[in-house]
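Participant: Would you be able to build a 3D model of this:
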Amino acid sequence: MKKNIIVFLVILILILSIIYVNINIVQKKKLEVDAFNKGFTSYNKSELMGIEVVTLINKAISNNEKYGVERDENGFYIDDDNRLEIIVIFNEKSYQMERIDAVGIESFIEYFGSVKFECIDVKYHESGKVSEMTFLAKNF
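Facilitator: Reported below is the predicted structural model:
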């Protein structure tokens, strides 16, 4: 009888330990996602300058390079759970960050550095990480 109780308690402790470890893993991943998102969603506001959009584009490109996000034959990052995309809209046309980077960040700063933008859309991956942010030129 004592042997059965000891076996039961050992199994119970093992199960509780596994549950505890899994809960910690989930909480750690959530904290990582929250920290990642905070670095980008701080730009989700109604008014920011073009130079801030450039900073965000550089952060997004650095993120994609850091995580080894692959590019397609046109130089655009291929969608995966680590890809972050910035889209800028002006004159009713949308431009992906890769196109802005290819033309030249310096040119963007020259023409749009003092233009006011508004974040009009934020999309998320299934994991909860920011996947795409869209900015609209307000006074262009």
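Participant: so what secondary structure elements neighbour the helix ranked longest in the chain?
Facilitator: Secondary structure assigned by DSSP state H gives helix 2-41 as the longest helix of the chain. Helices and strands touching helix 2-41, as assessed by 3 or more C-beta pairs under 8 Å, 6 or more residues apart in numbering; DSSP states H and E, comprise helix 50-66, strand 130-137. All C-beta atoms are positioned from the backbone trio N, CA, C, and that covers glycine.
Participant: tilt between the shortest one and helix 50-66?
Facilitator: The reference is to strand 130-137. Counting by axes from the mean of the first three to the mean of the last three C-alpha atoms, to 10 degrees, strand 130-137 lies at 160 degrees to helix 50-66.
Participant: how about the CA coordinates for strand 130-137, as PDB?
Facilitator: Included here for strand 130-137 are C-alpha records, laid out as PDB according to Å, rounded to 0.1, in the frame of the first residue of the first chain:
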ATOM      1  CA  VAL A 130       4.100  42.300 -35.400                       C
ATOM      2  CA  SER A 131       4.300  41.300 -39.100                       C
ATOM      3  CA  GLU A 132       3.400  44.500 -41.000                       C
ATOM      4  CA  MET A 133       3.000  48.200 -40.400                       C
ATOM      5  CA  THR A 134       1.500  50.700 -42.900                       C
ATOM      6  CA  PHE A 135       2.100  54.400 -42.800                       C
ATOM      7  CA  LEU A 136       0.200  57.100 -44.700                       C
ATOM      8  CA  ALA A 137       1.800  60.500 -45.600                       C
END
